[in-house]
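Engineer: here is my input; please provide its structure:
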Amino acid sequence: MLFGKRDMRESFERQAEKIFPSVLGTALRLTRSREDAEDLAQEAIVRAYDAFERFDGTNFKAWMLRIVTNLYINKYRQRQRGPQFGSLEEEGAIEPVSSEYELPDRLLFDHVVGAEIEDALGRVPEDFRMAVILSDIEGLSYQEIADATSVPIGTVRSRLARGRSMLRRSLETYAIKEGYIKKDAVE
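Structural biologist: Now for the predicted structure:
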């Protein structure tokens, strides 16, 4: 069945609308700047729209995140900027809406721990952070991450293991400092 231009546009818009929070969230975690993330997400949407006729139809989210990742690598990584502190907590950032039935104490705890996780993730070196984001936050398979980052699948596994290890060490320090776990429980 051949799609007309209007059908293709509508199909693209429906799919893009569903996954845009993931695209923007990934862009924000990669760039660590709300303004750069918005630019990156918008450019990815435009590029995807222009190339939509070549999309194979299997996994739109993985395809979009590959475009975001490739754009980031090609543009923003080349700049080698100094550290910037951005957060999903900034006003105006798009995040998935949670159930209104969650308990207030859980929401408070998640907010405090979530900010520390974002900070800890930001301290993980870029290649490892990208692997963790694409796997653990966006749910891509090793092969999809390998395709998105243009590295062998073994490199993806290595980066993911090392990134998770760095994140775990950073969060252990926080958990001990805050009294969530005892120091002797980690040793």
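Engineer: give me the domain ranges for the chain.
Structural biologist: Domain assignment for the chain by automatic domain parsing gives 1-82, 103-187.
Engineer: lowest mean pLDDT across the ones you listed, which one is that?
Structural biologist: With a mean of 82, domain 103-187 has the lowest mean pLDDT of the domains of the chain.
Engineer: chain neighbours aside, what residue packs nearest to Trp63?
Structural biologist: Phe55 (5.9 Å; Cβ to Cβ, 6 or more residues apart in numbering). Quick note: C-beta positions are derived from backbone N, CA and C, even for glycine.
Engineer: quick revisit: I'd like the domains of the chain laid out as CSV, including mean neighbour count.
Structural biologist: Below are the domains of the chain laid out as CSV (neighbours: other Cβ atoms under 10 Å):
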stretch, mean neighbour count
domain 1-82, 16
domain 103-187, 15
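Engineer: and the residue nearest to Lys182 when sequence neighbours are not counted, how close does it get to Thr58?
Structural biologist: Leaving out its chain neighbours, the residue that sits closest to Lys182 by Cβ to Cβ, 6+ apart is Ile176, at 7.3 Å. To Thr58, Ile176 is 44 Å away according to Cβ to Cβ, to the nearest Å.
Engineer: again, but for Gly154
Structural biologist: According to Cβ to Cβ, Gly154 and Thr58 sit 23 Å apart.
Engineer: where exactly do the helices run in this structure?
Structural biologist: Counting by DSSP state H, the chain has helices at residues 5-31, 34-51, 60-71, 77-79, 104-123, 126-132, 142-149, 153-178, 183-186.
Engineer: closest to the centroid, which residue in this protein?
Structural biologist: Thr26 (2.7 Å; Cα atoms, centre = their mean).
Engineer: distance of the residue nearest to Asn70 when sequence neighbours are not counted relative to Glu118?
Structural biologist: Spatial nearest neighbour of Asn70, chain neighbours left out: Ala148 (7.0 Å); criterion: Cβ to Cβ, 6+ apart. Distance, Ala148 to Glu118, using Cβ to Cβ: 21 Å.
Engineer: also Val46?
Structural biologist: Val46 sits at a distance of 27 Å from Glu118 (criterion: Cβ to Cβ).
Engineer: one more: Ile181?
Structural biologist: Remark: distance between Ile181 and Glu118 (Cβ to Cβ) = 20 Å.
Engineer: try Val68
Structural biologist: Applying Cβ to Cβ, the value for Val68 to Glu118 is 18 Å.
Engineer: repeat for Ala131
Structural biologist: 17 Å.
Engineer: using PDB, list the CA coordinates for stretch 18-37.
Structural biologist: Provided in PDB are the C-alpha atoms of stretch 18-37 (Å, rounded to 0.1, in the frame of the first residue of the first chain):
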ATOM      1  CA  LYS A  18       4.100  10.100  21.100                       C
ATOM      2  CA  ILE A  19       7.800   9.900  21.400                       C
ATOM      3  CA  PHE A  20       8.700  13.600  21.600                       C
ATOM      4  CA  PRO A  21       9.100  13.600  25.400                       C
ATOM      5  CA  SER A  22      11.800  10.900  25.000                       C
ATOM      6  CA  VAL A  23      13.500  12.800  22.300                       C
ATOM      7  CA  LEU A  24      13.600  16.000  24.300                       C
ATOM      8  CA  GLY A  25      14.500  14.200  27.500                       C
ATOM      9  CA  THR A  26      17.400  12.400  25.800                       C
ATOM     10  CA  ALA A  27      18.600  15.600  24.200                       C
ATOM     11  CA  LEU A  28      18.500  17.300  27.600                       C
ATOM     12  CA  ARG A  29      20.500  14.600  29.300                       C
ATOM     13  CA  LEU A  30      23.000  14.700  26.400                       C
ATOM     14  CA  THR A  31      23.500  18.400  26.100                       C
ATOM     15  CA  ARG A  32      22.800  19.400  29.800                       C
ATOM     16  CA  SER A  33      21.400  22.600  28.500                       C
ATOM     17  CA  ARG A  34      17.700  23.300  28.000                       C
ATOM     18  CA  GLU A  35      18.200  25.600  25.100                       C
ATOM     19  CA  ASP A  36      20.600  23.300  23.300                       C
ATOM     20  CA  ALA A  37      18.300  20.300  24.000                       C
END
